[in-house]
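Undergrad: Build the 3D model from these lines:
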Amino acid sequence: MANTDNENIIAVRLEHLRAVMRREHLAAFIIPSTDPHNSEYVPPRWEGRKWITGFTGSAGTAVVTMDSAALWTDSRYFLAAEKQLEGTSFQLMRLKVKGTPTIARWLADKLKDTNAQVGVDGMCNNVSSVENLIHELRRQGGITVRTNFDPLNEIWKDRPAIPDHKMEVYPMKYAGETALSKMRRVRATLCDMGADGMLVSALDDI
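TA: Numbering: from 1, shown residues only. A predicted model of the protein is given here:
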């Protein structure tokens, strides 16, 4: 009974996602496992891939078209993903296993319309991965990518809030150097490079 309930929940969520995709003229949407800091272990707010698939592993990418759905994950999670996706419409894609298509190749096979547009949330996908996706999809038939829309904001009605915990100072016994000292060294290097500043987004770098 529990499995059936989960299958029904996932089916309803996919139906809602596809309704929004249809309205936005998106032929597919890609949901990663990361957050705006490109973390692997993310706050509940950004567990969108888990929410849409039911797969609880820390790594994986879900891709949904109007009539297909697939999840890419690595060998750590093959058995768990196979069990958790059972009964849903998500097809398991085993990364680095012979015969497994890339996301771009899979999308090219599914989206025969050369005017198709694929959506990704630009806040949760790093620049290099999006640029690679754009390049690959262009090669696969002129498919374009939209990065400024997050359908989960609409369909995930009880989506957890953005974390608002107070910042904590990293203990000196682990840091080994004050923040002021580190910033001085960074600024010196920026000057040597002729740069005016840099963006730091990964939590461990921050």
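Undergrad: Ramachandran angles for Gln117?
TA: Note on Gln117: backbone dihedrals following degrees, to the nearest 10 are phi -120, psi 130.
Undergrad: Spell out for me which residue occupies the centre of the protein.
TA: The centre of the chain sits closest to Pro32, judged by Cα atoms, centre = their mean, with a distance of 1.6 Å.
Undergrad: helices or strands up against whatever helix or strand Leu107 lives in?
TA: Per DSSP states H and E: Leu107 is located in helix 103-110. Secondary-structure packing of helix 103-110 (3 or more Cβ pairs under 8 Å, 6 or more residues apart in numbering; DSSP states H and E): strand 28-31, strand 61-65, helix 127-139. All C-beta atoms are positioned from the backbone trio N, CA, C, and that covers glycine.
Undergrad: Out of those, which is closest to Met21?
TA: Checking these against Met21 by Cβ to Cβ gives strand 28-31 as the closest, at 5.8 Å.
Undergrad: Which neighbouring elements make contact with the closest one?
TA: Here strand 28-31 touches helix 2-23, helix 48-53, strand 61-65, helix 103-110, strand 117-120, going by 3+ Cβ pairs under 8 Å, 6+ apart.
Undergrad: which outside residues touch the longest one?
TA: Contacting residues not belonging to helix 2-23 are listed as 27-29, 51-54, 64, 66, 69, 86-90, 119, 151, 154-155 [Cβ atoms under 8 Å, 6 or more residues apart in numbering].
Undergrad: now the last one
TA: Residues outside strand 117-120 that contact it (Cβ under 8 Å, 6+ apart) are 21, 24-30, 32, 107, 111, 130, 133, 137, 143-147, 149, 151.
Undergrad: Name only those of those residues that count as buried.
TA: Burial by neighbour count, judged by 16 or more other Cβ atoms under 10 Å, picks out 21, 26-30, 32, 107, 111, 133, 137, 143, 145, 147, 149, 151 from those.
Undergrad: Out of the residues you listed, flag the one nearest to Cys191.
TA: Nearest to Cys191 among the buried ones among the contacts of strand 117-120, with distances taken as Cβ to Cβ, is Thr147, at 32.4 Å.
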